[in-house]
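Student: Turn this into a structure:
(2 chains)
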Amino acid sequence: SQTIHQWPATLVQPVGSPLSLECTVEGTSNPNLYWYRQAAGRGLQLLFYSVGIGQISSEVPQNLSASRPQDRQFILSSKKLLLSDSGFYLCAWNVGETQYFGPGTRLLVL
Amino acid sequence: GENVEQHPSTLSVQEGDSAVIKCTYSDSASNYFPWYKQELGKRPQLIIDIRSNVGEKKDQRIAVTLNKTAKHFSLHITETQPEDSAVYFCAAAVSGYALNFGKGTSLLVTP
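Tutor: Residues are numbered from 1 along each chain as shown, chains lettered A, B, ... in the order given. A predicted model of the protein is given here:
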């Protein structure tokens, strides 16, 4: 069966520090992968999506970037975090129509 | 691009009553409409979905209706229970492409 992993589960980082969040999918090949951010009490903001290795589409210009070095690995990065980067980061995947979310990483920037 | 509007933003019902959440979409090419439930602190979970070749779909106490002409779809929860309390998100997409989410409805079911 397919599973999706994200780590770390929680992270507290100072303003200006770098960021690397990782997402991996098991049990499927060539999935579409997505990064969403959810601010406290808010909706789901699509940040990036990828249809294959090295293929990244950005939905919102900001200080974040994404990479897909392997078929089932999706990484979200930042060189310098802002206070406004705090939130719940969700990785998602789909093969066909149905989209599933990972467990998420809760990021607090202080 | 696709724009999904969701109403109401908050909904409070008494246990046993029905709850209805409505969404509209703008892109007539959208043909896939899922609904997600997100409990506090957890990931969104798919609860039901409908495709544009179907007008209604039901799964126990949950049903979704779709009106393609009017470009709106709705989630119906009957006989609500306290454990139905959560944030519900609708979404619309062209099949296989990124989902466009509504802003969510916070449902509270009071005993």
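Student: Please point out which parts of stretch A:8-22 sit buried.
Tutor: When burial is assessed from 16 or more other C-beta atoms under 10 Å in any protein chain shown, stretch A:8-22 yields the following buried residues: A:11, A:13, A:19, A:21. Where you see a C-beta, it was placed from the backbone N, CA and C, and this is true even at glycine.
Student: Okay, and the beta partners of the first one?
Tutor: To tie it back to what came earlier, the one meant is residue A:11. Residue A:11 has these beta-bridge partners by DSSP bridges: residue A:107.
Student: Quick check: next helix or strand after the lowest-mean-pLDDT helix or strand in chain B?
Tutor: Least confident element among the helices and strands of chain B, by mean pLDDT, DSSP states H and E: strand B:100-101 (a mean of 93). Where DSSP states H and E defines the elements, the next helix or strand beyond strand B:100-101 is strand B:105-110.
Student: Quick check: phi and psi at the most centrally placed residue in chain A.
Tutor: The residue lying closest to the centre of chain A (C-alpha atoms, centre = their mean) is residue A:35, at 3.5 Å. The phi/psi pair for residue A:35 (degrees, to the nearest 10) reads phi -120, psi 130.
Student: was I right about residue A:88 contacting residue A:106?
Tutor: Yes. Using C-beta atoms under 8 Å, residue A:88 is in contact with residue A:106, at 5.4 Å.
Student: Who has more neighbours out of those two?
Tutor: Using other C-beta atoms under 10 Å in any protein chain shown as the criterion, residue A:88 and residue A:106 rank with residue A:88 on top: 20 against 17.
Student: and that one, backbone torsions?
Tutor: Torsion angles, degrees, to the nearest 10, at residue A:88: phi -110, psi 120.
Student: Not counting its neighbours along the chain, what's nearest it?
Tutor: residue A:38 (4.3 Å; C-beta to C-beta, 6 or more residues apart in numbering or on different chains).
Student: so what's that neighbour up against?
Tutor: Listed by C-beta atoms under 8 Å, 6 or more residues apart in numbering or on different chains, the contact set of residue A:38 reads A:44, A:45, A:87, A:88, A:89, A:90.
Student: Quick check, pLDDT for the first one.
Tutor: Here the pLDDT value assigned to residue A:44 is 92.
Student: do the one 3 residues further on as well
Tutor: At residue A:47 the predicted local confidence, pLDDT, stands at 94.
Student: Same check on residue A:61?
Tutor: Note for residue A:61: predicted pLDDT of 64.
Student: in the sheet, who's paired with residue B:77?
Tutor: Listed by DSSP bridges, the beta-bridge partners for residue B:77 are residue B:19, residue B:62.
Student: list the contacts for it?
Tutor: B:18, B:19, B:20, B:61, B:62, B:84, B:107.
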